[in-house]
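Chemist: Structural data only, the sequence is not supplied:
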Ligand code: RP5
């Protein structure tokens, strides 16, 4: 994530990965304030054995796109809700990548953070049967938890 202030949103991605038993790490890496840290993180991600990157940022949210430019790993971008523009700035900054360097962009805020984790899980599950089973269980439990009446 681009800032510690993004954690309130991005913790939902971490919690979802935790629930699915997916090993992960959480880091603050700012495209603007710590560009060398971003370079080191993105270029080192694949050699270290990471399989995907979930990048959350707000405002002029360059983090996901810059990370994607420096790694062949799939990058999932989460637009963090900003105060001034409610995350529309974050969303448009992340989603409008020019052809050639994709960022899989999720919804603004908590829903995007949760779904980034679930999408990463779905990708990893294509080559991990145990994870596929855990993901199926998660989906079944979610379905079972939906009430038929509002109250
Ligand atoms: C972005 O600027 C971060 O991703 C964060 O969403 C936003 C504000 O950062 P702080 O000023 O709260 O550190 O780079």
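Modeler: Received the coordinates, thanks. Because the structure is a prediction, the values reported are computed rather than measured.
Chemist: Quick check: residues of the protein near the ligand?
Modeler: 2, 3, 5, 6, 30, 32, 57, 58, 59, 80 (CB under 6 Å from any ligand atom). Bear in mind the C-beta positions are built from the backbone N, C-alpha and C, glycine included.
Chemist: ok, the fifth one touching residue 37?
Modeler: What it means is residue 30. Yes - A contact is recorded between residue 30 and residue 37 when judged using CB atoms under 8 Å, the distance being 7.4 Å.
Chemist: higher neighbour count, those two?
Modeler: Per other CB atoms under 10 Å, whichever of residue 30 and residue 37 has more neighbours is residue 30, with 17 against 14.
Chemist: Would you mind pulling up the elements that the host helix or strand of residue 131 packs against?
Modeler: Under the criterion DSSP states H and E, the helix or strand holding residue 131 is helix 129-144. Using 3 or more CB pairs under 8 Å, 6 or more residues apart in numbering; DSSP states H and E as the contact definition, the elements that helix 129-144 packs against are helix 110-125.
Chemist: what about residue 96, neighbour count?
Modeler: Other residues near residue 96 come to 10 when the count uses other CB under 10 Å.
Chemist: How about residue 94?
Modeler: Applying other CB under 10 Å, we find 31 residues neighbouring residue 94.
Chemist: isn't there a helix covering it?
Modeler: Yes - note on residue 94: a helix contains this position according to DSSP: H, G, I helix; E, B strand; the rest coil.
Chemist: For it, which non-adjacent residue is closest in space?
Modeler: Spatial nearest neighbour of residue 94, excluding adjacent residues (CB to CB, 6 or more residues apart in numbering): residue 77 at 4.0 Å.
Chemist: What residues are recorded as beta-bridge partners of the residue most central in space within the chain?
Modeler: Nearest to the mean C-alpha position of the chain, by CA atoms, centre = their mean, lies residue 54 at 2.9 Å. When assigned by DSSP bridges, residue 54 has beta-bridge partners residue 76.
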